[in-house]
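> Turn this into a model:
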Amino acid sequence: LDLIKNLQVQAIIGTENSAQANFVIDLGNKAQVPIISFSATSPSLNSIRSPYFFRATQNDSSQVKAISAVVEAFGWEEAVPIYVDNEFGEGVIPYLIDALEEINARVPYRSVISQKATDEEIEEELHKLMTMQTRVFIVHMTPELGSRVFDKAKEIGMMGEGYVWIITDGMTNVWSLVNRLDMDSMQGVLGVRTYIPKSKELHSFKVRWKRKFLQDNPSYVNADLDIFGLWAYDATFALAMAVEKLGTTNFNFDVSNVSTNARTDLESFGVSQNGPKLIQLLSSTRFRGLSGEFGFINGQLDSSVFQIINVNENGERGVGFWTPKFGVVKKLDFRNVTGYSTSMSNLGTIIWPRDSQVVPKGWEIPINAKRLKIGVPVKNGFTEFVNVTPGTVPNSTVTPSGYCIDVFNAVMEAMPYKVSYDFYAFEKPDGEMAGDYNNLIDQVFYGNYDVVVGDVSIEANRSSYVDFTLPFTESGVVMVVPIRKDPNKNAWVFLKPLTLDLWVTSGCFFVFIGFVIWVLEHRVNENFRGPPLYHIGTSYWFAFATMTFSQRERLVSNLARFVVVIWCFVVLILMQSYTASLASLLTVQQLQPTVTDVNELLRKNENVGYHGGSFVRGIIQRLGFDSSKMKNFNSTDDLNELFTKGSANNGIAAAFDEIPYMKLFLAKYCNYTTHLTFEPTSKTDGFGFVFPKGSPLVADVSRAVLTVIESDRMKQIEKAWFTKQTSCSHSSTSVSSSSLDLGSFWGLFLIAGVAGVLAIIIFLSEFLYDHKDVLRNTEISVWDRILEMLKIFDEREPNAHTFKETEIREGGHSDGVQIRGAKVPVEEPAEVPDQVPAEVPVEAPAEAPDDINGTASPEIEIQQANTNHS
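Coordinates of the predicted model:
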């Protein structure tokens, strides 16, 4: 105030802390005097929004992103801030919590320590932290208080393996104030601090400053210039540059508005005439100073790079950097960096407390912590999952049994560390369950239970306020209905292997193939000729006989042979499939569900059942069932009784429940019900264990659940609780065989049909070509030509080799003897008796010339033709 009123200074550089800055900023705003602070780091100063305030230091909130990046890099899910109880400490905490929440890291507790706290008070607070599971602590306080905290932490064993300590720049920026002995208590600590790039100018300035300082203060053995000294130098340099640009024309104050009757000094000073111009020049000043690039943006120092350090025996060691643009990087070389990263691999080797190189997981079960309090439901039915024997003393521990309990115990045994726990029944004084499952889960949210173990389904609405482990059972809601023997097993069962459309198609193709064979063989094969009924019967006899491959007729046409080969292949596959299906129908016990889908239940207005107190009731209502048609059951016996009554007698026709319950029911009553083979009615995530939101145990327990599920231990537990209690003769044959339909054979029929049609097309093409003269005869009408072609088709093919062989064999057209192929006419006898061949004597020549042309003449062969008369 004296500087502004009496000396009329044009600018002020200073204020040691943020509390002083609040008052001075208000004075500077009224007098239009720029206030430049190099040590006021509190984020709360941003709310003043004075154009005459310039912060030549980093805002404390600028480092929270760097701290959260370190937490994210190592995958820690919880962190506890420890801060001093003043404006310096409290100012950064809201920003720090927001930054941690952005990476899904929780802050379960905030530890506040007074600047004037005694050693006993510090130790008491640290002991409180030891009893918690969180092992990641973020310390934001002055070096003096921070050194005392770390001394006590080391004394009580909190600087051991598994602990993580991160300190803010409130300590790292002023290491010179921390003596060597205090550094020994901080071995393994991580920290972030503003990065100051090295330069020749900086090194030269530090040497000169240290020489001058020790000359003026010979009592100091060692002295070092911290970053606040560099910011002070750069702030002074920036102000000097601005004043130099402003000039030295007028440094007077305007006191015309000062009242002579002012009661306090706060109302009796003038206004600087250079203030508005000076703040413009300061805002535009840019240069490379000792601390790096220096310049103001809206009165704040531009965001800087933070260095991540690790305290070790040699003092400190840099392990990486954090930048607002690229995140965590190992070196400030951005040529191969493509985007923001928080990967742990971008950091150098870190030595953790007690010289450990193993990355702490961030939490532990405290040795002296209380045993986990586990709530279990009290059930009247389906006790195979959880069965509780109530304790004699209210709220005392119980020893439950059941499938879920065995799985939980196995999971705890698979954990990488020992977890102690006790079971407590969620019950009223009369032994009944103290609410439904939602009420039981609420107890975890309220902190009354640490865990809930039982047949608790994982649902989306529940997961909004508690955390579930991975499921340890199958997921889904299914429908179960009674079964009955197949009513179609009777005298006509032989028709069931094929559907009606396949029977009709097969019959049509038998007729079609018979027709094709007749067309192709009628003119060339005697077996397919004769009276109409004869050769029609022969054609279809031949086609149907292929079913047993008993056809005796010899085929002559190559086209017919081609068609029959393909058809026999089709018949072979069809008959083999028919035989297999019929054998299954006759030898395997066929079981049919009484209901096949939900729509059938709705259409028949049947009653359905659901597990009492379960969310399944809501699913059934959404399917369209009326409340009056829904019956609840609480045990397997109740469900069996409802099925026995039937829907007509106030029972049910179907039941809906989760898969684990129905597996238990089918194991006990497998002779009466069956689990339908279609997809589950509704999807759920199965049973899981319930933990408080954000509990660090969830990840390890989930991994242990997977370990148990994949081991033989899970099979043993399921066998112990879900083994079938009755002999089920149909247990392996409960799926009904279905009839073969056309869809499985249409490809074969298509091939056979194409082959038949193609053969007929080729045959007709040849036939029409051979008798084209008839078609071209224009002297007769078209109808007469068609009749003539049909007449020719009905006749024998004169050139067919089959008829020629028959004629030669039977002699139907030979009237003499053949001598070397020459026919010699013979005289036909007047009467030839039946079945007696006529012998025609031929007189041999008396003498044959030996050599007509000078060589011996060939022997004359005389063949006698025999004519058979029938």
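
> so where's the stretch 401-550 of the chain uncertain?
485-490, 535, 549-550 (pLDDT under 70).

> longest single helix anywhere in the protein?
As assigned by DSSP state H, the longest helix anywhere in the chain is helix 558-587.

> And that helix, how far out from the chain middle?
46 Å (CA atoms, centre = their mean, to the nearest Å).

> Averaged pLDDT, it. What do you get?
Averaged across helix 558-587, the pLDDT comes to 83.

> what's the answer for stretch 195-212, then?
In the prediction, stretch 195-212 has an average pLDDT of 90.

> repeat for stretch 653-671
83.

> if we can go back for a sec, for the longest helix of the chain, packing partners?
Contacts defined by 3 or more CB pairs under 8 Å, 6 or more residues apart in numbering; DSSP states H and E place helix 558-587 against helix 500-521, helix 746-770. C-beta here means a position set from N, CA and C on the backbone, and glycine is covered the same way.

> these two touch, right, residue 119 and residue 147?
No - with contacts counted by CB atoms under 8 Å, residue 119 stays clear of residue 147, the gap being 11.9 Å.

> Under a three-state scheme, what state does the closest residue to residue 774 other than its chain neighbours occupy?
Using CB to CB, 6 or more residues apart in numbering and skipping residues adjacent in sequence, the residue nearest residue 774 is residue 788, 5.3 Å away. Following DSSP: H, G, I helix; E, B strand; the rest coil, residue 788 is assigned to helix.

> So residue 788 is in contact with residue 780, correct?
Yes - contact criterion CB under 8 Å: residue 788 and residue 780 qualify, at 7.4 Å.

> These two: which has the busier surroundings?
residue 788 (15 against 11; other CB atoms under 10 Å).

> Near residue 159, how many other residues are there?
Residue 159 has 21 nearby residues by other CB under 10 Å.

> ok, now which ones touch it?
150, 153, 165, 185, 186, 187, 188, 353, 354 (CB atoms under 8 Å, 6 or more residues apart in numbering).

> what helix or strand is it on?
Using DSSP states H and E, residue 159 falls within no helix or strand.

> so how far is residue 316 from it?
Residue 159 is 16 Å from residue 316, where distance means CB to CB, to the nearest Å.

> Report the separation between the residue nearest to residue 774 and residue 797.
16 Å.

> do residue 593 as well
Using CB to CB, residue 593 is found at 62 Å from residue 797.

> Equivalent analysis for residue 562, please.
From residue 562 to residue 797 the distance is 18 Å (CB to CB).

> hang on, the earlier thing: and residue 593 and residue 797? which has more neighbours close in?
Ranked by neighbour count (other CB under 10 Å), residue 593 and residue 797 place residue 593 first, with 22 against 18.

> Name whatever forms a beta bridge with the more buried one.
Counting by DSSP bridges, residue 593 forms beta bridges with residue 483.

> In this structure it contacts residue 600, no?
No - counting by CB under 8 Å, residue 593 sits too far from residue 600 to count as a contact (10.0 Å).

> could you measure residue 151 against residue 187, distance?
12 Å.

> ends of stretch 554-563, how far apart?
Across stretch 554-563, the terminal residues are separated by 14 Å (CA to CA, to the nearest Å).

> what's the answer for stretch 601-621, then?
Note: stretch 601-621 ends 13 Å apart using CA to CA.

> All further residue positions should be reported with the first residue as 511.
In the new count, where the first residue is 511, that last one comes out as stretch 1111-1131.

> where does the stretch 1161-1310 of the chain have low pLDDT?
Looking at the stretch 1161-1310 of the chain by pLDDT under 70, you get 1180-1194, 1234-1248, 1308-1310.

> in it, which spans are helices?
Applying DSSP state H, counting those that start in this stretch to the stretch 1161-1310 of the chain gives helices spanning 1169-1178, 1207-1219, 1222-1232, 1256-1280, 1282-1286, 1292-1304.

> which other helices and strands contact the longest one?
Taking 3+ CB pairs under 8 Å, 6+ apart as contact, the helices and strands that helix 1256-1280 lies on are helix 1010-1031, helix 1068-1097.

> now for those helices, which one comes closest to residue 956?
Evaluated over those, closeness to residue 956 peaks at helix 1068-1097, with 59.1 Å, by CB to CB.

> quick one: buried residues of that closest one?
Buried residues in helix 1068-1097, counted by 16 or more other CB atoms under 10 Å: 1069-1070, 1072-1074, 1076-1077, 1080-1081, 1084, 1087-1088, 1091-1092, 1095.

> Next one: the closest residue to residue 926 other than its chain neighbours from residue 925, what distance?
Leaving aside its sequence neighbours, residue 926 sits nearest to residue 1210 (CB to CB, 6+ apart; 6.7 Å). Separation of residue 1210 from residue 925 (CB to CB): 6 Å.

> Between those two, which is the more surrounded one?
Counted by other CB under 10 Å, residue 1210 and residue 925 do not tie: residue 1210 has more neighbours, with 20 against 15.

> in the stretch 561-710 of the chain, what spans have low per-residue confidence?
Short version for the stretch 561-710 of the chain, where the test is pLDDT under 70: 686-691.

> Tell me which stretches of it form helices.
574-583, 597-612, 629-640, 653-665, 679-682, 690-694, 710-726.

> Need those helices in JSON lines (columns: mean neighbour count).
Formatted as JSON lines, the helices of the stretch 561-710 of the chain follow (neighbours: other CB atoms under 10 Å):
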{"stretch": "helix 574-583", "mean neighbour count": "24"}
{"stretch": "helix 597-612", "mean neighbour count": "19"}
{"stretch": "helix 629-640", "mean neighbour count": "15"}
{"stretch": "helix 653-665", "mean neighbour count": "20"}
{"stretch": "helix 679-682", "mean neighbour count": "24"}
{"stretch": "helix 690-694", "mean neighbour count": "13"}
{"stretch": "helix 710-726", "mean neighbour count": "12"}
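
> Which one, of the ones you listed, ends up nearest to residue 1157?
helix 597-612 (53.8 Å).

> could you give the angle of that closest one to helix 653-665?
On the basis of axes from the mean of the first three to the mean of the last three CA atoms, to 10 degrees, helix 597-612 is oriented at 60 degrees to helix 653-665.

> for residue 883, helix, strand, or coil?
Once three-state DSSP is applied, residue 883 turns out strand.

> Leaving out the residues flanking it, which one is nearest to it?
Per CB to CB, 6+ apart, closest to residue 883 is residue 960, 4.9 Å.

> Provide a list of residues in contact with the one you found.
Residue 960 neighbours (CB under 8 Å, 6+ apart): 882, 883, 884, 931, 954, 1201, 1202.

> Of those, which is the nearest to residue 815?
For these, the nearest to residue 815 is residue 1202 (38.3 Å; CB to CB).

> For the nearest residue to that closest one once chain neighbours are set aside, give me its contacts.
Distances taken as CB to CB, 6+ apart put residue 954 closest to residue 1202, at 5.7 Å, once the chain neighbours are dropped. Counting by CB under 8 Å, 6+ apart, residue 954 makes contact with 885, 960, 961, 962, 976, 1200, 1201, 1202.

> what is the last one paired to in the beta sheet?
According to DSSP bridges, the partner residues bridging residue 1202 are residue 976.

> Neighbours of residue 520, how many?
Residue 520, neighbours per other CB under 10 Å, totals 22.

> Next, find the distance separating it from residue 1273.
From residue 520 to residue 1273 the distance is 118 Å (CB to CB).

> same check, this time on residue 935
Relative to residue 1273, and taking CB to CB, residue 935 is found at 89 Å.

> Settle it for me: which of those two has more neighbours?
Applying other CB under 10 Å to residue 935 and residue 1273 shows that residue 935 carries more neighbours, namely 23 against 17.
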